[in-house]
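> Sequence first, then the predicted structure:
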Amino acid sequence: MSKRSRRRGRQQATEEDFREEYAYVINDLRRVLMLAGFMFTLLIILNIALPFFGL
């Protein structure tokens, strides 16, 4: 094997490598989406409740 072909083989990453290395990104995105959903729900509830209490 030449040096170039060995280098290319080392540089090519597989899908498994990406999944292992970036697993934390999926977890962080899931947390952000859950927080955004909670905050959006809270805004809707406050939008309904505050006029009811005269605030």
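Here it is on my side, so go on.
> Quick check, central residue of this protein?
Computing the C-alpha centroid of the chain and ranking residues by CA atoms, centre = their mean puts Leu29 first, at 1.7 Å.
> Next up, phi/psi of that one, please.
Main-chain dihedrals, Leu29, degrees, to the nearest 10: phi -60, psi -40.
> and the host helix or strand of Ala49, how far from the chain's centre?
If you go by DSSP states H and E, Ala49 is part of helix 23-52. Remark: helix 23-52 is offset 14 Å from the chain centroid, using CA atoms, centre = their mean, to the nearest Å.
> pLDDT below threshold where in the chain?
Residue ranges of the chain with pLDDT under 70: 1-11.
> one step back: distance check, the residue nearest to the centre of the chain against Ala49.
30 Å (CB to CB, to the nearest Å). Bear in mind the C-beta positions are built from the backbone N, C-alpha and C, glycine included.
> for Val25, same thing?
According to CB to CB, Val25 stands 36 Å off from Ala49.
> what does Tyr22 give?
Distance from Tyr22 to Ala49, counting by CB to CB: 40 Å.
> next one: Asp17
Distance, Asp17 to Ala49, by CB to CB: 49 Å.
> With Phe40 instead?
Phe40 is 15 Å from Ala49, by CB to CB.
> In three-state terms, label Asp17 for me.
Using DSSP: H, G, I helix; E, B strand; the rest coil, the secondary structure recorded for Asp17 is helix.
> now do Gly54
Counting by three-state DSSP, the backbone at Gly54 sits in coil.
> count of residues packed around it?
Here the count is done by other CB atoms under 10 Å, and Gly54 has 5 residues near it.
> Got the phi and psi for it?
Main-chain torsions, Gly54, degrees, to the nearest 10: phi 80, psi 30.
> Begin at 804 from now on, thanks
Renumbered: residue one is now 804, and that last one reads Gly857.
> Distance-wise, check it relative to Glu818.
From Gly857 to Glu818 the distance is 57 Å (CB to CB).
> Ok, Asn850 next?
Relative to Glu818, Asn850 is positioned 44 Å away (CB to CB).
> how much space between Glu818 and Arg833?
Computed as CB to CB, the Glu818 to Arg833 distance reads 20 Å.
> The two: which has the busier surroundings?
Arg833 (10 against 7).
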